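Asks: have a look at this prediction, sequence included:
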Amino acid sequence: MLNELEEMGLTAAEAKTYLALLELGSTSAGPLIKKAELHRATVYDALKRLQEKGLASTVLVRKTRKFNAALPETLLRLEEDKVRRLKELLPKLEELAKSRNKKQGVWVYQGRRGIRTVMDAILDNLNPNGEYLDFGVSGKFREVMGAYWDLWQSIKKERGIKAKCIFSSKLKSNSRFLKDYFGDYRFHPARYESPTDTMIYNDTVVLFIWTGDPPIAVVIKNRENAEGYRKQFYMMWEFADRP
């Protein structure tokens with residue numbers, strides 16, 4: 001029974017003291033301490049907490065303090081009180097969750113160093129086994145960022161990060177690029193090529209403007225916006241050419 005009482009929120013000392021009280025009935029401290037097999041101070045401390053929880057009471061009988069256990073059904077009332085308090089707390093907790101989900105913002109990063117900050121953050125947010133979607137890919141990430149592109153691909157592979165990219169058909173002839181890229185890919189006609197590489201992950205969309213001087217990354221954190229871009233991606237993915 002000790003384990004069950006502890007699962008209901010009593011400490012080990014409280015559970016032992018309560019069970020001893022139930023067995024002894026109205027009792028003074030001495031027999032209770034002996035029955036509970038606990039240190040005197042531990043029993044008094046447990047009694048205090050049991051009284052606060054309504055599981056024990058005390059009365060003075062001929063100048064002797066006697067202790068009594070509350071009826072076991074009181075435990076049921078305690079559980080009902082916990083459920084009631086949790087129900088009262090739930091709306092506040094749900095509001096906190098909603099406010100977290102509503103967090104949004106737009107940040108702009110410039111230059112290779114700024115873009116590397118963005119790319120590192122993507123790896124961290126998707127580690128491990130995350131996934132991102134990317135369209136408008138023309139190969140300029142590798143042109144602008146050089147060896148970092150290769151490092152980024154190797155880290156993706158190491159962390160099991162999945163990718164779906166829609167490349168410009170111009171990259172079909174770039175066997176080295178396709179070999180070094182880690183993930184699934186398809187192609188769109190070169191006439192639709194864009195200077196902006198659009199990446200979607202979690203609740204975030206990142207627009208990479210590689211032709212900017214310096215190159216720019218615009219990070220947009222908004223769940224609804226990300227879902228909208230994600231739908232656009234899969235519409236294009238459906239009609240894109242397979243390798």
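Replies: Ah, there it is. Residues are numbered from 1 along each chain as shown.

Asks: which stretches of the protein form helices?
Replies: 2-7, 12-24, 29-36, 40-52, 73-101, 111-126, 140-145, 147-159, 175-180, 223-239 (DSSP state H).

Asks: tell me which of those helices lies nearest to I216.
Replies: Taking C-beta to C-beta, helix 111-126 is the member of these nearest to I216, at 8.0 Å. (C-beta placed from N, C-alpha, C; glycine too.)

Asks: just the angle between the closest one and helix 147-159, please?
Replies: Orientation note: helix 111-126 sits at an angle of 0 degrees relative to helix 147-159 (axes from the mean of the first three to the mean of the last three C-alpha atoms, to 10 degrees).

Asks: tell me what helix 111-126 is packed against?
Replies: strand 105-110, helix 140-145, helix 147-159, strand 196-201, strand 204-209, strand 216-221 (3 or more C-beta pairs under 8 Å, 6 or more residues apart in numbering; DSSP states H and E).

Asks: including distance to D134 and mean pLDDT, could the ones you listed go into CSV?
Replies: As requested, the helices and strands packed on helix 111-126 are exported to CSV (distance: least, C-beta to C-beta, whole Å; pLDDT from 0 to 100):
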stretch, distance to D134, mean pLDDT
strand 105-110, 17, 94
helix 140-145, 9, 93
helix 147-159, 12, 95
strand 196-201, 5, 96
strand 204-209, 9, 96
strand 216-221, 13, 96
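
Asks: could those go into CSV alongside distance to E6?
Replies: Output for the helices and strands packed on helix 111-126, formatted as CSV (distance: least, C-beta to C-beta, whole Å):
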stretch, distance to E6
strand 105-110, 45
helix 140-145, 56
helix 147-159, 41
strand 196-201, 43
strand 204-209, 44
strand 216-221, 43
